[in-house]
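Engineer: From the sequence below, what's the structure:
(one chain, ligands or ions: 1)
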Amino acid sequence: MDARRLEYLTGLGVSAWELRKPPGHPVGAPTQHGELEGDLEPLRQRVAECTRCPLHASRTQTVFGVGSATAQLLIIGEAPGAEEDRQGEPFVGRAGQLLNAMLAAIGLTRDEVYIANILKCRPPGNRDPKPEEAEACSGFLTAQIRAIRPRLILAVGRIAAQWLLRSDAPLGRLRGRLHHYGADQTPLLVTYHPAYLLRSPAQKRRAWEDLCQVRQLLDDNSS
Ligand code: SF4
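Structural biologist: Numbers count the residues shown, from 1 in each chain. You can find the predicted model right below:
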């Protein structure tokens, strides 16, 4: 067990836990749709030039997404924050480090999954995305999902979960059960945003339950 995973599990109060190895090919390994990197790059360029909503005027740069173009797990948050806007990458800084540790706890690295946000540009002052901004940007996320074809989507945080599921239910009612998203009915789970977990560490145990469900579904889908 590597140090980061052990650190996260210790933080949750879980003393020992071993992964069940998926019987199929490893997460993140190329599949029959393994040459999709080329499909994401033109899309990245279109996002970089996008002026569809007023957020283009205040961004430092767009934050398209990061990870494996053949990922089995697609993680979707709400929008870039200040650090993401600076670096051009989603989930960096302390929240990003916690997300990395959460992934490590279920045997995944950041490079093996794909991480994106609903909005590709930072809302000023880190305010919540406006519905019209999310609608304007939604075509890019849909195209990312179509290109990556993940086996599982993990919506992190209330805003992302409510928008993806078109629900106004609280996060506590959305997590803990399997949803399906989009025309392909991609399985979707919900968990807490790592920034929220930093403020509310008591919820880490529930997040751990969500992560175990993620691992279980990936393993089940590999057989
Ligand atoms: S948030 Fe999305 S729709 Fe708005 S300018 Fe940025 S890329 Fe375009």
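Engineer: end to end, how far does stretch 186-202 reach?
Structural biologist: End-to-end span of stretch 186-202 (CA to CA, to the nearest Å): 30 Å.
Engineer: what does the average pLDDT come to for the helix or strand containing residue 187?
Structural biologist: According to DSSP states H and E, residue 187 maps onto strand 186-191. Mean pLDDT, computed over strand 186-191, is 98.
Engineer: Stretch 109-122 now?
Structural biologist: Stretch 109-122 shows a mean pLDDT of 98.
Engineer: just stretch 196-214 next, same as before
Structural biologist: What stretch 196-214 shows for mean pLDDT is 97.
Engineer: count of residues packed around residue 72?
Structural biologist: Residue 72 is flanked by 26 other residues according to other CB atoms under 10 Å. Backbone N, C-alpha and C define where each C-beta goes, glycine included.
Engineer: Could you do residue 164 as well?
Structural biologist: Residue 164: 21 neighbours (other CB under 10 Å).
Engineer: In contact with it, which residues?
Structural biologist: Residue 164 makes contact with 76, 118, 153, 155, 181, 188 under the criterion CB atoms under 8 Å, 6 or more residues apart in numbering.
Engineer: re the thing from before, so how far is whatever helix or strand comes next after the strand holding residue 187 off the chain centroid?
Structural biologist: Per DSSP H and E, the first helix or strand lying C-terminal to strand 186-191 is helix 194-199. Distance of helix 194-199 from its chain centroid, counting by CA atoms, centre = their mean, to the nearest Å, is 15 Å.
Engineer: where does residue 115 fall, helix, sheet strand or coil?
Structural biologist: Using DSSP: H, G, I helix; E, B strand; the rest coil, the structure places residue 115 in strand.
Engineer: Taking the contacts of residue 164, tell me the two that lie furthest apart.
Structural biologist: Largest separation among the contacts of residue 164 by CB to CB: 118 and 188, giving 13.3 Å.
Engineer: For the strand holding residue 187, which helices and strands make contact with it?
Structural biologist: strand 152-156, helix 158-165, strand 179-181, helix 204-222 (3 or more CB pairs under 8 Å, 6 or more residues apart in numbering; DSSP states H and E).
Engineer: Neighbouring strands of that strand in the sheet, and parallel or not?
Structural biologist: strand 152-156 (parallel), strand 179-181 (antiparallel) (DSSP bridges).
Engineer: Mean neighbour count, those: which tops it?
Structural biologist: strand 152-156 (a mean of 26; mean count of other CB atoms under 10 Å).
Engineer: can you list the residues of this protein near the ligand?
Structural biologist: 47, 50-53, 55-56, 62, 119-121, 133, 136-137 (CB under 6 Å from any ligand atom).
Engineer: May I see the strands paired with strand 186-191 organised as JSON lines, with mean pLDDT added?
Structural biologist: Shown next, in JSON lines, are those (pLDDT from 0 to 100):
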{"stretch": "strand 152-156", "mean pLDDT": "98"}
{"stretch": "strand 179-181", "mean pLDDT": "98"}
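Engineer: so can I have TSV of those showing distance to residue 172?
Structural biologist: Below are the strands paired with strand 186-191 laid out as TSV (distance: least, CB to CB, whole Å):
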stretch	distance to residue 172
strand 152-156	14
strand 179-181	14
